[in-house]
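> Need the 3D shape of this:
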Amino acid sequence: MSMIQISKRQKGTSKLVDVLIRIGAIVLSLIFIGIVLAIMGYDPFKVFGKIIQTPFKRFKDVMNKTIMLTTLSLGIAIAFRMKFWNIGAEGQFYMGAFGAASMAFMCPNLPPILLLPLMCVAGFVCGGLWALIPAVIKARFGASETLVTLMMNYIAIAFISYLQYGPWKDPAALGAAKVPNFSENAVLPDVFGIHAGWIIMLVLVIIMTILLRYTKLGYQIDVIGESETTAKYAGMNTVKILVIAVLISGGLCGMAGFMQSSAVEKSITDSMSAGLGFTAVITAWLAKLKPPVIVVASFMFSILLQSGSSLQVMKIPSSITEIMQGVIIFFVLACEFFINYKISFRKHTAVKEAE
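Numbers count the residues shown, from 1 in each chain. Sure thing, here's the model as predicted:
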């Protein structure tokens, strides 16, 4: 008689095997999605064809989402690397947008060369300070950052709603709950047909790669992520490092709010994130918290998100793209199991069975 034994791999698989397993997982997920689409009565080849056409037909829209998703994912990644589970990217995004909008309304006539950096800094500071609140609560009282950051999302969105329906409501909007548009000086210009946020995004990816791979802070973040006890034993000031890392995490999410409000919305609303703060958790995790890979994961997910409206032309519900995301995540999660564990078959001897 044989039995299945699952054991953790003593030695990790090679990078090539890791890549092949993940590619295999994605291929299997696409095959599974194709089968489901066929069962539902849709032509999977036409559906996949529409999705593949999306970045060519709606490149600007895809890039707008990629910029936002990448920046949010970078912010989440630095927190996750030290096992601080920041689920509050949405709230930090909105508070960053609030900071940027405040500067836009306070200094509308300031030259763009001064106003835009001021808005960017304000977005970073507001997002960072918002993220710092759960970090301090965790350090002081040991509260779960997952719960606190999640709840603070709703507080931030409610605050923006208050501004939208109250103090910042545009009196010229004929009763509609709308915040006035920013002045032209507060709008990020286009570079090669896409707003300049893509340049900021690439600079942030480079900075975060250097910070996490080659700096003392990056090393300390990884050590704390592996074992906080070891970090303390090594003499690291874990509270100080936590505060710095979370400040950067929230600040990056706040910068995403600045770019979205300045370049895309040209104003601020309580629905402008479209839930991408939560999607960013997925893309950051799928990219293994590595900045260069985050760009690729964000671009792929942006294509899926943007293709929803294209699929509606074929009378396919746009929600099918959300199902696709879920299936891909499920298969990638499953592949992680095979990367970290091995399955072996062992035979029971008659003696062992008698015992």
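
> From now on I want contacts and neighbour counts done on CA atoms only, so please keep to that.
OK.

> Tell me where the stretch 201-350 of the chain is predicted with low confidence.
Under the criterion pLDDT under 70, the flagged ranges of the stretch 201-350 of the chain are 345-350.

> for the chain, what spans make up the strands?
2-8, 190-191, 194-195, 341-347 (DSSP state E).

> Tell me how many other residues crowd residue 337.
Residues within reach of residue 337, counting by other CA atoms under 10 Å, total 11.

> okay, residue 3: pLDDT?
For residue 3, the pLDDT comes out at 68.

> can I assume residue 74 is in contact with residue 294?
Yes: using CA atoms under 8 Å, residue 74 is in contact with residue 294, at 7.3 Å.

> List the contacts of residue 64.
194, 195, 264 (CA atoms under 8 Å, 6 or more residues apart in numbering).

> of these, closest to residue 186?
residue 264 (11.6 Å; CA to CA).

> gap between that closest one and residue 103?
Applying CA to CA, to the nearest Å, the value for residue 264 to residue 103 is 17 Å.

> residue contacts, residue 109?
183, 185.

> sorry, back to before: possible to save the contacts of residue 64 as CSV with distance to residue 219 and neighbour count?
Shown next, in CSV, are the contacts of residue 64 (distance: CA to CA, whole Å; neighbours: other CA atoms under 10 Å):
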residue, distance to residue 219, neighbour count
194, 35, 17
195, 34, 22
264, 36, 18
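
> Kindly tell me how buried residue 39 is, as a neighbour count.
Neighbour tally, residue 39, other CA under 10 Å: 11.

> Mind pulling up the pLDDT for it?
pLDDT, read off for residue 39, is 90.

> how far away is it from residue 291?
Computed as CA to CA, the residue 39 to residue 291 distance reads 38 Å.

> Helices along this structure, start to end?
15-39, 44-57, 59-81, 89-106, 112-141, 145-165, 197-214, 216-226, 228-233, 238-259, 276-286, 291-312, 320-340, 350-354 (DSSP state H).

> mind putting those in TSV, distance to residue 183 included?
Shown next, in TSV, are the helices of the chain (distance: least, CA to CA, whole Å):
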stretch	distance to residue 183
helix 15-39	45
helix 44-57	30
helix 59-81	20
helix 89-106	7
helix 112-141	10
helix 145-165	17
helix 197-214	18
helix 216-226	39
helix 228-233	47
helix 238-259	14
helix 276-286	26
helix 291-312	28
helix 320-340	36
helix 350-354	80
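
> Quick one: closest of these to residue 172.
Of all the helices of the chain, helix 145-165 comes closest under CA to CA, at 13.2 Å.

> ok now the closest one, how far from the chain's centre?
Chain-centre distance of helix 145-165: 17 Å, with CA atoms, centre = their mean, to the nearest Å.

> still on that earlier bit, looking at residue 74 and residue 294, which one has more neighbours?
Using other CA under 10 Å as the criterion, residue 74 and residue 294 rank with residue 74 on top: 31 against 27.

> can you pull the contacts of the more buried one?
Applying CA under 8 Å, 6+ apart, one finds that residue 74 lies in contact with 205, 208, 249, 252, 284, 289, 291, 294.
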